[in-house]
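# model this:
(one chain, ligands or ions: 2)
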Amino acid sequence: MLTGTEVLTTTQMRAIESAAMASGKVTGLDLMERAGSAVAGQIRLCWPKPGRVTVLCGPGNNGGDGYVVARLLHRAGWRVRVLGMDNTPGPDAAEMKRRWGKIGGIGVLTVQELRSGAKSDVYVDAIFGTGLTRPPEGDVERIIRHLGGYGGDIGYYLPRLVAVDCPSGLCLDSGVMLGSRRGQDSTWYKLRASLTVAFDSPKIGHLLEQGPECCGTLAIADIGLHQQRVSEVRIRKDGPPVTVVRRPYVEAIWPPFSVSDSRRYSDTTERQAAWLQKRDASGSHKYSHGHALVVSGGPAKGGAARLSARAALRIGAGLVTIAPHADALAEHAGQPDALMRRAIDDADALRDLLTDARINAICIGPGCGVDRATALLAEALPARRPIVLDADALTALSRNPDLMAALHDNCVLTPHMGEFARLFPDLAERLDATPLQGPAYSKLDAARGAAVRCGAVVLLKGPDTVIAAPDGRARIHSALDLPWLATAGAGDVLAGIITGLLARGLPPLDAAGLGALIHAKAARAFGPGLIADDLPEMIPQILRETA
Ligand SMILES: NC(=O)C1=CN([C@@H]2O[C@H](COP(=O)(O)OP(=O)(O)OC[C@H]3O[C@@H](n4cnc5c(N)ncnc54)[C@H](O)[C@@H]3O)[C@@H](O)[C@H]2O)[C@@H](O)CC1
Ligand SMILES: [K+]
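Residues are numbered from 1 along each chain as shown. Ligands and ions are numbered 1, 2, ... in the order given. This is a model prediction of the structure:
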């Protein structure tokens, strides 16, 4: 299966940093120097000619990183102005502040001060990072609004805003700006950095909701912490006990960011690519690639299921059977000829069909009709075969607690947000609430909660797709660059791709994760103007390129 990038919560990041320091191999000051140096380095890569820079330093270690950035850019010939807070930070940040103090002054962190003097070419936001716990207020809130261009008569938009770890105000556990309502008025605090430099690994909030838009280009800098996760953590005898929170982990499927350590961010190995392309010698018979059953509906409803079936064929299922109501069988007589047809009128007919043990994956929902889905699910779920539930099958689930109770760990549910809210109204409600405290409840929390509750893999669709398994493993797939993927039938194709991968033998979480990736790659390769019918036809190209 494709491997991606480990994504951390802020708690996990802190635990890893603490473990690194407790190991005695590195100090907090070293880490801060490396972090600040990574940010200064990225700024110099983006804008090689030294110019004017204003560095805004907050009260904690994020501010400490800012003082390092200021010192290193000054050394590189930049004209540096620093605005900071009159507080006593922790020892590392205090030391970095002192070192900067030997070079230059520190103005007060207010909008008035920011606006006085010459404009800068680059502004560095080092106000809050992973330590944010509540919405910014007072002077800091005004600065953040100002930086975001939302300062009314005092606001102007800053095109070259570089964020240290994250734009201040962004909750790195959820991707929401604390204090801003999700949805319509979420622009209230929306800082848009052109570049965000984060450390070691992306955090959940970089990839979800407002995170990607607010962070701009995301660069992940290696600050030398990866040993803390691949080797056992050794604690100094006199050091404090440290727990590294590692499992269950979250993975980004396709890193939408640049990284400074490519060894840890592999996309696919040769063996995995060979499997995907059917180049491995392990099965040359059509049945060795599985038999997918795509349940369809009544008359004039067959298009959605046909999209699913076509996608299942293209992704490489050995055989695909489409199963409409008998009244609709004739509608499916056209292309593709590779598709097999078999009428199923009721649960008994489905039971007959499922006596063929070679049918090893089922897709139910697209164009199925809610009543039909309800009846057929009651038969299909106890069979415990890998099954994708989409569209009408999700509506059927939301109306029938018995069906919900019959779900199992070979099921993949693919709801969009509206369907998710019908299935798990309490989780959706929590997700909808205005986040006033960090860590805020996230889409990842919601998908995980749903997966645990129903005992199945849940793929919560959106530009930021979250996929969660009942055992806590999760994947995030951001496809924010693909607005044209929001087109009728695209979800049916996704359901078909996942079904095909299940038929080929991938476990449900992997099938859902790889399915989301291939679906997005197909849309990206086609480009604007895409209709759902184009997606299955792009799959061969994606498979050829996967090497
Ligand atoms: N811990 C480490 O070893 C490292 C941390 N680094 C930096 O340290 C940052 C985290 O530092 P901190 O934990 O000090 O936290 P921050 O610097 O993000 O925040 C500072 C403090 O502000 C307070 N605060 C939170 N929300 C507030 C609000 N709305 N208004 C006013 N005050 C608020 C909190 O008490 C918090 O501790 C990371 O984002 C990263 O930039 C890097 O230097 C790398 C190494
Ligand atoms: K920041």
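# where's the closest residue to ligand 1 within the stretch 301-450 of the chain, which helix or strand?
Closest approach between the stretch 301-450 of the chain and ligand 1, counting by CB to the nearest ligand atom: residue 438, at 7.3 Å. C-betas here are computed from N, CA, C, even on glycine. Counting by DSSP states H and E, no helix or strand carries residue 438.
# just confirm it contacts residue 171, I think it does.
Yes - Residue 438 lies in contact with residue 171 (CB atoms under 8 Å); the separation is 4.5 Å.
# which neighbours do these two have in common?
Residues touching both residue 438 and residue 171 by CB atoms under 8 Å, 6 or more residues apart in numbering: 132, 178.
# what about these two, which has more around it?
When residue 438 and residue 171 are compared for neighbours, residue 171 comes out ahead with 32 against 22, by other CB atoms under 10 Å.
# ok, residue 481 touching residue 523?
No - counting by CB under 8 Å, residue 481 stays clear of residue 523, with 9.5 Å between them.
# ok, the two, which is more surrounded?
Applying other CB under 10 Å to residue 481 and residue 523 shows that residue 523 carries more neighbours, namely 26 against 13.
# need the nearest residue in space to that one, chain neighbours excluded.
residue 485 (4.2 Å; CB to CB, 6 or more residues apart in numbering).
# OK, contacts around that neighbour?
479, 519-520, 523, 530.
# and which of the residues you listed is nearest ligand 2?
Nearest to ligand 2 among the contacts of residue 485: residue 479, at 25.6 Å, using CB to the ion.
# show me the contacts for the closest one.
463-465, 485, 516, 520, 523-524.
# quick check: phi and psi on it?
Backbone torsions for residue 479, taken as degrees, to the nearest 10, come to phi -130, psi 50.
# that one and residue 466: what is the separation?
Here residue 479 is placed at a distance of 12 Å from residue 466 (CB to CB, to the nearest Å).
# right, and residue 534 touches residue 526 too?
Yes - counting by CB under 8 Å, residue 534 does reach residue 526; the two are 5.1 Å apart.
# so, low pLDDT: which residues of the stretch 201-350 of the chain?
Residue ranges of the stretch 201-350 of the chain with pLDDT under 70: 227-249, 253-269, 281-284, 287.
# shouldn't residue 311 be in contact with residue 500?
Yes - Residue 311 is within contact range of residue 500, at 6.5 Å (criterion: CB under 8 Å).
# make sure I have this right: residue 467 is in a strand.
Yes - under DSSP: H, G, I helix; E, B strand; the rest coil, residue 467 falls within a strand.
# so which elements touch whichever strand or helix holds residue 524?
Assessed by DSSP H and E, residue 524 sits inside helix 508-526. Contacts defined by 3 or more CB pairs under 8 Å, 6 or more residues apart in numbering; DSSP states H and E place helix 508-526 against strand 411-413, strand 457-460, strand 464-468, strand 474-478, helix 490-503, helix 534-545.
# between those, which has the poorest average model confidence?
Mean pLDDT is lowest for strand 474-478 among the helices and strands packed on helix 508-526, at a mean of 88.
# pull the CA atoms of it into CSV?
C-alpha atoms of strand 474-478 as CSV (Å, rounded to 0.1, in the frame of the first residue of the first chain):
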residue,chain,number,x,y,z
ALA,A,474,-6.6,7.2,10.0
ARG,A,475,-5.6,8.9,6.8
ILE,A,476,-6.0,12.4,5.5
HIS,A,477,-6.2,13.2,1.9
SER,A,478,-6.2,16.9,0.9
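# enumerate every residue touching the residue most central in space within the chain.
A centroid search over the chain (CA atoms, centre = their mean) returns residue 476, at 2.9 Å, as the residue closest to the centre. The contact partners of residue 476, taken as CB under 8 Å, 6+ apart, are 7, 204, 207-208, 250-253, 444, 464-467.
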